[in-house]
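S.K.: structural data only, the sequence is not supplied:
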C-alpha cells in the first residue's frame, strides 16, 4: 500500500496534536470532573499560567511515545519487529528511577513493574502479561498512551498499526489495555484516509474481541451518544457505569478509553470542542487529550489548529524527550516528524526525506518555528522563501531602531524548570564546541537598508548564568543571500544552551532564515569549568549510582551493582577519538566508551577484573571484540583512548596501541561518549573528544 501523498503534513499535525493535548491536560492530570469545573471551569485553552506552571515540561506520554518507537530504526525498520526487541529498547533507553516513566514501584506502576521483569531477564511479552503481573496491573492505561507513533508509521493501514500496537503494548500490558491500544492505533492509521468518526471507531473495533470490555464500553457510549445531546449527562453515565471505582489500580484503561471515545463522538471532529470535552471530563487528562489530539491532528491536518484559540504559538514546536540518549532530549515537533516519516517510508520501501539537504532546522512544514523565540524588536513567521520554489523559511521581521535583536532556539536547558515532577529531565546538549555551524540567510529585497547579521549562542557561565557568544557579522544588502559559518571555541565543559541569528538595521527590515545546521564531531574538553557552578554536571546523563559534586576530581562515579555509564554527546557523532586518564578504585571494571546509543548499545575499552583489558561491543548482549592480559592496579592512573572511524576501532593505553579491529557486523555508526564503571568506583579529571577522519 503506497503512503498517502500528504503523509508528512498529517504526521506533523498528529505530532502537534499530541503535544497540544499533553501540554493542555498536564497541569490538572488526575483531577475529577467536579474539581475541574469548580476550580478551572470548562477547559477551553492552556491553563498553565493560571496554575503557575511552565507549559513545556517533561511527560511520560511524550517521552514514551517517541522513545519506544526507536525500536524500529534500531532494528533495521523491520516490519517484523518483535515484542522482545521493543522490550530491549526499553532497557537501552530507560534509566531506572529517572527517565520516561512514572517510577511508582512494582505493583503500583505498571511500567515500573514491567521494567523490573525485563531487567530480571523476563522477556516481552511475558514481561507485561497477566500471567506474570496479574490482571489489575496489566490492564492499566500505559499501552494506550504510548501507541500514537506506531499508528503514524502505518498511514492508511489499520491492521498493521493495530498489530504494532499489540506488540509494543505487550511489553508492559495485557488484556483490555492492549485492546484499547489496538483500537486507537487502528483509528489513527485509518484517519489518514478517512474522516468519519463512526467509521473510524468501526475500524478500530475490527481488531479486538467482540466480548471484550472495551467493545462493550464503546457500544454503550455510542448508544448513549445517539440518545443524549448533552455530553455532560453522558459523562455522568460513564462515571456511573465505568468509573474509577469500578476498576482498581492507579489509572485503569477502561474509564479513560471511554472518555476518549465519548469526546470524539460529541466533538464531531472539531479539535477545540473535543479538547474541551476530554479535558473537562477529568481523570488522566494529559494521556487522554494526547491520544485524542494526535488522532484529530491526523484526521484534520494542520487545519485542526485553526480558529480562535492559538494552540501552536505558545508551544512553538518545542518538545522534551527524556531518555538515556540525552542528545535527543531537546527536540521539536518538526524534527520528530521527520524521524517518524522516515520510519514509515522505510517500512514502505521508500527512501528517507532529508529536507534542504538534511539541515537540522529547515522550517519546511507550514507554520513551523522549531523552537525559535525572539527578542523584543523581532517577530517570527513561517513564510514562503522568496525565490525558493515553494520552500519555506523562518521570517525574522525586525522593527527596531538599530539595536540588535536575536531569534534563538534551545540546545540545552539553562535550568530545571521544565523538569516537572514526577518526570526528570535527563539531557545533554545538542551543540558542542568544534562542530561546524552553518546558516543560510537571505535579506528581503524590499528592505530599504542593509541588515547586519551574525550567529549568536549562549553558554553556561559564572554562577551558572548565561554568557553570550557571537560570530563575526555579515552585512546583507536588500535581496542578498549568504551562508554564515562558525565554530564555537572550547568551553571547558560548559554547556551551550542556545543558538540563533542576531539582526540589526537602522530601519524596519526582514531577514529569512532558510536553514541552520551543524555537523561533525566536536573538539571539546570536558572538565569542571573554570567559571564554576554546577549546571555543567546536568549535561551528563547519569546512569550511575553516584556522581557527586564534593570530590576534588570533576568526575568521580560509583556503581553499586552491575555496570553504570556517565554519558554525554549526541547520536550524530560519527568519527572521533575519546580519551581520558582514569583511576580505578575498587572496580570490577572501569573504562571509556564511544558511539554510545543508550545503556545497552556502545563500544567500550575496559580494565577488567582478573588483569584483563577488553574491547567490547554492547548490542543485544555483549561481544568481546578483543582482549589481552593487562596487569592494571587500583589507584593507578591509566590514559585510555578509543578511536572510531568508519568500521575501524583503535584502542590504546598510555599512548600504546593495544587493539585495532574492524566491526562489520551490525556496526554502531554514531553516538556519545561515556565513562564506564562496574561495581566499584573510578575517577577522572578530564574527558577529551576530537574529530577523527576515516581512512
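M.R.: Nice, I can see it. Small disclaimer: the values here were computed from a predicted structure and weren't measured.
S.K.: residues contacting the nearest residue to residue 154 once chain neighbours are set aside?
M.R.: Using C-beta to C-beta, 6 or more residues apart in numbering and skipping residues adjacent in sequence, the residue nearest residue 154 is residue 161, 3.9 Å away. For the C-beta atoms, the positions are set from N, CA and C on the backbone; glycine is no exception. Counting by C-beta atoms under 8 Å, 6 or more residues apart in numbering, residue 161 touches 150, 151, 153, 154, 185, 186, 188, 189.
S.K.: residues contacting the first one?
M.R.: Listed by C-beta under 8 Å, 6+ apart, the contact set of residue 150 reads 69, 161, 164, 165, 168, 185.
S.K.: just checking, the fifth one is part of a strand?
M.R.: So that's residue 168. No - looking at residue 168 with DSSP: H, G, I helix; E, B strand; the rest coil, it is helix, so not inside a strand.
S.K.: tell me the phi and psi of residue 606?
M.R.: As for residue 606, its main-chain torsions (degrees, to the nearest 10) stand at phi -130, psi 130.
S.K.: that one - nearest residue in space that isn't next to it in sequence?
M.R.: Once flanking residues are discounted, residue 606 sits nearest to residue 591: 3.8 Å by C-beta to C-beta, 6+ apart.
S.K.: what's the helix or strand for the one you found?
M.R.: In this structure, residue 591 sits in strand 589-596 according to DSSP states H and E.
S.K.: and that strand, what does it pack against?
M.R.: In terms of contact count using 3 or more C-beta pairs under 8 Å, 6 or more residues apart in numbering; DSSP states H and E, strand 589-596 is assigned the packing partners strand 555-568, strand 576-585, strand 601-608, strand 638-645, strand 672-691.
S.K.: kindly recompute the last result at 10 Å.
M.R.: strand 555-568, strand 576-585, strand 601-608, strand 612-619, strand 638-645, strand 648-653, strand 672-691 (3 or more C-beta pairs under 10 Å, 6 or more residues apart in numbering; DSSP states H and E).
S.K.: now do the same for residue 198: helix, strand or coil?
M.R.: Applying three-state DSSP: residue 198 is helix.
S.K.: same question, the one 10 residues further on
M.R.: Recorded secondary structure, residue 208: coil (three-state DSSP).
S.K.: who's in contact with it?
M.R.: Counting by C-beta atoms under 10 Å, 6 or more residues apart in numbering, residue 208 makes contact with 162, 166, 176, 178-183, 186, 214-215, 218.
S.K.: so which pair among the residues you listed is furthest apart in space?
M.R.: 166 and 218 (17.7 Å; C-beta to C-beta).
S.K.: who has more neighbours, those two?
M.R.: residue 218 (24 against 21; other C-beta atoms under 10 Å).
S.K.: quick one: contacts for that one?
M.R.: 180, 183, 201-202, 204-205, 208, 212, 257-258, 260-262, 265.
S.K.: between these, which is closest to residue 551?
M.R.: Among these, and counting by C-beta to C-beta, the member closest to residue 551 is residue 180, at 48.8 Å.
S.K.: now do the residue nearest to the spatial centre of the chain against residue 457, distance only.
M.R.: Per C-alpha atoms, centre = their mean, the C-alpha nearest to the average position across the chain is that of residue 321, at 3.0 Å. Distance from residue 321 to residue 457, counting by C-beta to C-beta, to the nearest Å: 22 Å.
S.K.: still on that earlier bit, closest one of the contacts of residue 161 to residue 37?
M.R.: residue 188 (29.4 Å).
S.K.: which stretch of helix or strand covers the residue lying closest to that closest one once chain neighbours are set aside?
M.R.: Excluding the flanking residues, the one nearest residue 188 by C-beta to C-beta, 6+ apart is residue 151, at 3.5 Å. Using DSSP H and E, residue 151 sits in helix 148-152.
S.K.: state the mean pLDDT of that helix.
M.R.: Mean pLDDT, computed over helix 148-152, is 98.
S.K.: over to stretch 549-559?
M.R.: 96.
S.K.: stretch 111-126 too?
M.R.: Stretch 111-126 comes out at a mean pLDDT of 98.
S.K.: ends of that stretch, what's the gap?
M.R.: 13 Å (C-alpha to C-alpha, to the nearest Å).
S.K.: can you spell out which helices and strands pack onto the helix ranked longest in the chain?
M.R.: Among all segments of the chain classified by DSSP state H, the helix with the greatest residue count is helix 7-25. Contact here means 3+ C-beta pairs under 10 Å, 6+ apart; on that basis helix 7-25 packs against helix 60-68, helix 148-152, helix 271-280, helix 285-300, strand 318-320, helix 333-347.
S.K.: show me where pLDDT drops low in the stretch 251-400 of the chain?
M.R.: By pLDDT under 70, the stretch 251-400 of the chain has no low-scoring segment.
S.K.: surely residue 537 is in a helix?
M.R.: Yes - assessed by three-state DSSP, residue 537 belongs to a helix.
S.K.: hmm, back to that, the strand holding residue 591 pairs with which strands?
M.R.: strand 601-608 (antiparallel), strand 672-691 (antiparallel) (DSSP bridges).
S.K.: residue 545 reaches residue 558, doesn't it?
M.R.: Yes - between residue 545 and residue 558 there is a contact at 5.9 Å, judged by C-beta atoms under 10 Å.
S.K.: okay, those two: which has more neighbours?
M.R.: Legend: neighbour count by other C-beta under 10 Å for residue 545 and residue 558, higher for residue 558 (19 against 14).
S.K.: please tell me how far that one sits from residue 90.
M.R.: 25 Å.
S.K.: over to residue 491?
M.R.: Taken as C-beta to C-beta, the span from residue 491 to residue 90 is 34 Å.
S.K.: go on, residue 542?
M.R.: From residue 542 to residue 90 the distance is 19 Å (C-beta to C-beta).
S.K.: what do you get for residue 333?
M.R.: Distance of residue 333 to residue 90, given as C-beta to C-beta: 24 Å.
S.K.: equivalent analysis for residue 494, please.
M.R.: Distance from residue 494 to residue 90, by C-beta to C-beta: 33 Å.
S.K.: in terms of neighbours, single out the busier of those two.
M.R.: Neighbour tally, residue 494 and residue 90, criterion other C-beta under 10 Å: the higher count belongs to residue 494, 27 against 24.
S.K.: tell me where the stretch 301-450 of the chain has helices.
M.R.: 333-347, 355-358 (DSSP state H, counting those that start in this stretch).
S.K.: pick the most buried one from these.
M.R.: helix 333-347 (a mean of 22; mean count of other C-beta atoms under 10 Å).
S.K.: packing partners of that one?
M.R.: Right, helix 333-347 is packed against helix 7-25, helix 60-68, helix 71-74, helix 148-152, strand 318-320, helix 355-358 by 3+ C-beta pairs under 10 Å, 6+ apart.
S.K.: residue 396: which of the strands paired with strand 589-596 is closest?
M.R.: strand 672-691 (31.9 Å).
S.K.: tell me what angle that closest one forms with strand 576-585.
M.R.: Going by axes from the mean of the first three to the mean of the last three C-alpha atoms, to 10 degrees, strand 672-691 is angled at 130 degrees with respect to strand 576-585.
S.K.: which parts of strand 672-691 are buried?
M.R.: Of all the residues in strand 672-691, those buried under the rule 16 or more other C-beta atoms under 10 Å are 672-689, 691.
S.K.: wait, residue 630 touches residue 614, no?
M.R.: Yes - at 9.0 Å, residue 630 and residue 614 qualify as touching, with contact defined as C-beta under 10 Å.
S.K.: more neighbours: which of those two?
M.R.: Neighbours were counted for residue 630 and for residue 614 using other C-beta under 10 Å; residue 614 has more, 20 against 15.
S.K.: ok, residue 2 to residue 157 distance?
M.R.: Where residue 157 is concerned, residue 2 sits at a distance of 11 Å (C-beta to C-beta).
S.K.: re the thing from before, of all the helices and strands packed on helix 333-347, which lies closest to residue 99?
M.R.: helix 60-68 (6.8 Å).
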